[in-house]
Structure formats: C-alpha cells, structure tokens
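*Asks:* I'd like to go over a predicted model; first the sequence, then the structure.
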Amino acid sequence: MPIPTLTDEPGAIQLAAQIRDGALSPLEAVDGCIARIEALDGPINAVVVRDFDRAREQAQHYTRQGPGVDQPLFGVPMTIKESFDVAGLPTTWGHPEYKDNVARSDSLVVRRLLQAGAIIVGKTNVPPDLADWQSTNPIYGRTANPHDLSRSPGGSSGGSAAAVASGMVPCEFGTDIGGSVRVPAHFCGVWGHKTSWGVISKQGHDHPAFAGIGAHDGALSIAGPIARNADDLALLLERTASFPLRRSDDPMHLARFLVIDDLPGSPVADGVRAQVHAVADALEKAGVTVDRTPRRTMPDFAKAHADYLKMLNVAMARGAPAPDGTRATATDWFDLLDAQARLEAAWQEVFSGHTFVLAPPAPVVAVPEREGRVFDGTIDIDGCEESSAAALAWAGIATFPNLPSTVLPVGEVGGLPCGLQVIGERYADLDCIGAAAAIAKIIGR
C-alpha cells in the first residue's frame, strides 16, 4: 500500500526528545522551522500569518531557561489554524473587513499548548467562515496541496494539513464541523483527529462578528489535532482536553471492525473504496475480526444526513435566515436536538456489537482547485458529477452523533494520498487513535 510522503522531518515528540537530549536547542528548532517555511511555503501558501520574531524570543528564553515541569512539547515549534485567537495576531476567518481584528488574548487551546512548552510560529490559512473544502480567501489567497499544487489541500483546516504534510511544522491544531480536520488530513496524507464533541474547549475560537459573546462551543463543531503520527495526535489531545479520557491498554484486543463504504445518495470513488477494503483485508489477514455487513440494526443514514445538514446550516448561520428567507424556529432546533439524541442511541446499539467503524473520510481524494466553493457545485466521482453537499455525509457520519474519528493515511489513488476514518463510540478518542496506530502497523505504514 504505497503512501505518498513529502518529508522525513521529525514529529513533535521526536523533536521534543532531541531538544531534551541536547541534540539541538529550542532556538535551533525554531530557526529550522522558520527556514523550512521560508524555503517551502511560497507555492503552497499555508503559513499566512507569521510570528517569527516573537517565536525566536520565546525560543531564546527557553534555550537559556530549560524545560519547566511537565512540558512534553518543550521547544517544539508549531502553527495553528487562523481562526484560533493568538494574542497580538489577527483573527479574520478569511474576511477582509476583519483584517485588523487583532486578538487581545490567546484561545484556551493555544494557552494549553504554550503551557506544554510549544512555541507558536504563525497561523495557517482557511476559507471564509471555515466553510469549504478549499482554503482560499480574499486576504491571504489560495493554499495549494503540497502533493499537487493544482489540487486543494482540503478545508477548512487546509493550511494546517499542508504545513504538516510538507514538513514545515511537526503538528497543528484545526477545527471540524464538516470534515474540516479529517478531509485535509485525507487530502494531504497526514493524521487528523476529530474529537468527541465537548472534549476540547473552543474558548477563543469565535467568528469576529460574534467575538466575546460566548459562541465558541456551539453545536457540532470541535477542535482537533493534525500531525504525522498517532503518538503526536494522542499527546496533543491529552494536553488540550478539558477532562481525562479513557485509554485501553490494547484497543485491538477482541476488537471487531465494521466497514461502512456506502451511504444513501453519497457515492464513493472506486479507488477510495478499494483502499478501505484493502485495509479490511489486511486486518483479516492479521487475525482481526472485520464485518462487511452490520451485526446490528444500523441508523437511518439518509435521515441522519438530512438532519445533520439542517443543524449544520443553522449552527453556521447562527439562526440567520436561509437564502430563501426562512428561519429556523426554536421548535425546529429542539426537534434537531431530539433527532441527534436518537441517533446517538442508535450508534450505541451499533457499538454494542462492533468496536470501531472503518469508513472513507470523503468520497474522493484531493479535488482540483476551482473558483467558488466546492459545496456550491459538484464533484467528479469516477466520471459522474455528484452533489458536493451529498459528499458531506462522510463527515456527518461522525459529526452529527458527536463521535470521535481518527484519519490516517493508508494508500494512494492516482498518485494522491488516501486516508481512512476510524470511528469509535463517544469519548473513546484515545482508543480510536490507538486502533489507527495499530492499523498503520499492520499495513506497514
């Protein structure tokens, strides 16, 4: 299962170990990161807000001071998605009218990363309102996929995944409501984790139009890490989670996987489906139980997708009228909450017979760049133009029921990376990452 790779730069834990062992100083690590950004980012355009001077100052301080107590990311340089507040840097969400909106304080995720010893060197590109599977906006321009500059890196955390895939930084943090961590990880050939809803606080991740009114932990949307290996994902998750998460000693012990590669109205490209089944075949060969058909009654995926799209649109518009002038009522919202609760219960039944679900993160690999949003048009699936909105079903499968999902790279389709979702029951985040790590080992990643 060949997987396209771009870099042999160390990950976050490996880099932290080099710093701790004296192989390089925090300043040398930061200078190396800055040099890679300056050398590589021109055609990619991922790191669109640069904070190199302050990063060097912090690295110089760390080089003199040495690590503090419990700083597993001591001296590790990283970037973060533009939509997170970093004190002294602009937070625009891709809108020119907010280009002078400079954050006064750090978001909670940033504070927790800094407490762990990380050094923020800049922020990465997003689409306006974080609402596309591309990362293009009028302020910072277009971010390209480092594997193929004519392709999208995904969105809305596309700059995040591109920076990690190209080796500019070892790790990142994004957000996900419509696949915005998982799709960029899939498109760029890196690892990403969509957390169970509510695990990581999004305080300080507010649209500039609503900053300061407490909108950060709205429905569906989560914060999650992006990295080049499973151990880094787990560390980033643990250092930013609002409460401890359970972790099995061996998440693969007696594990039973269920393959879901078909959802109503959302076709999957043959090449992507083939990668899912190649992983399932490898698991079976290794003695792992894999079901290609459910052992339990499955949720009504067509209804779940329709409800997900309704809640997604209401949440992202914050209840503003739809293009046709209609506005969701309080009753509409409570009906959606009821539907979400019923879906969570249906998934609990699924997980009474299966440990993890394997599914595509998206129906295609990295899409060609285009003018306008991906979601306003169609995508080519094996020569047929299919609804881009329907493609969101593969994001919604974990988002609407608030489930965790880890994406890992598993192969290639047409020379482009292809990922796989490993979905688990709510709050089994670390076990999802652990199972994904075991899968990577089995397929020889």
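*Replies:* On my side now, so go ahead.
*Asks:* So what does the nearest residue to P267 once chain neighbours are set aside have for phi and psi?
*Replies:* Sequence neighbours aside, I381 is the residue nearest to P267 in space, at 5.4 Å (criterion: C-beta to C-beta, 6 or more residues apart in numbering). All C-beta spots, glycine's among them, are computed from the backbone N, C-alpha and C. Dihedral pair for I381: phi -120, psi 100, per degrees, to the nearest 10.
*Asks:* go on, L258?
*Replies:* Dihedral angles (degrees, to the nearest 10) for L258: phi -120, psi 130.
*Asks:* My read is that it contacts V350, right?
*Replies:* Yes. Using C-beta atoms under 8 Å, L258 is in contact with V350, at 7.2 Å.
*Asks:* Output the contacting helices and strands for the helix or strand hosting R36.
*Replies:* Following DSSP states H and E, one finds R36 within helix 26-44. When contacts are defined as 3 or more C-beta pairs under 8 Å, 6 or more residues apart in numbering; DSSP states H and E, helix 26-44 sits against helix 12-20, strand 47-50, helix 52-65, strand 77-81, strand 119-124, helix 158-165.
*Asks:* can you pull out the helices in the stretch 151-300 of the chain?
*Replies:* All helices of the stretch 151-300 of the chain, identified by DSSP state H, counting those that start in this stretch, fall at 158-165, 182-188, 230-240, 270-285.
*Asks:* Which parts of the stretch 301-445 of the chain are strands?
*Replies:* 356-359, 378-381, 384-387, 405-413, 416-423 (DSSP state E, counting those that start in this stretch).
*Asks:* Run the chain-centre distance for the helix holding R36.
*Replies:* Computed by C-alpha atoms, centre = their mean, to the nearest Å, the chain-centroid distance of helix 26-44 equals 22 Å.
*Asks:* in it, what's buried?
*Replies:* 26-27, 29-31, 33-34, 36-37, 40-41, 44 (16 or more other C-beta atoms under 10 Å).
*Asks:* And those residues, which is closest to G414?
*Replies:* I44 (20.2 Å; C-beta to C-beta).
*Asks:* picking that back up, make JSON lines from the strands of the stretch 301-445 of the chain and add distance to L263 and mean pLDDT to it.
*Replies:* Compiled in JSON lines, the strands of the stretch 301-445 of the chain are given as follows (distance: least, C-beta to C-beta, whole Å; pLDDT from 0 to 100):
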{"stretch": "strand 356-359", "distance to L263": "9", "mean pLDDT": "98"}
{"stretch": "strand 378-381", "distance to L263": "13", "mean pLDDT": "97"}
{"stretch": "strand 384-387", "distance to L263": "12", "mean pLDDT": "96"}
{"stretch": "strand 405-413", "distance to L263": "14", "mean pLDDT": "98"}
{"stretch": "strand 416-423", "distance to L263": "12", "mean pLDDT": "98"}
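*Asks:* Export these to TSV and append columns for distance to G287 and mean neighbour count.
*Replies:* Converted to TSV, the strands of the stretch 301-445 of the chain look like this (distance: least, C-beta to C-beta, whole Å; neighbours: other C-beta atoms under 10 Å):
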stretch	distance to G287	mean neighbour count
strand 356-359	16	24
strand 378-381	34	16
strand 384-387	37	14
strand 405-413	19	26
strand 416-423	18	27
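*Asks:* Would you mind putting those strands into CSV with distance to V102 alongside?
*Replies:* Listed next are the strands of the stretch 301-445 of the chain as CSV, based on distance: least, C-beta to C-beta, whole Å:
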stretch, distance to V102
strand 356-359, 40
strand 378-381, 37
strand 384-387, 39
strand 405-413, 33
strand 416-423, 35
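*Asks:* Next, count neighbours for the residue lying closest to H95 once chain neighbours are set aside.
*Replies:* Closest residue to H95 apart from its sequence neighbours, by C-beta to C-beta, 6+ apart: P128 at 5.9 Å. Using other C-beta atoms under 10 Å, P128 is surrounded by 17 other residues.
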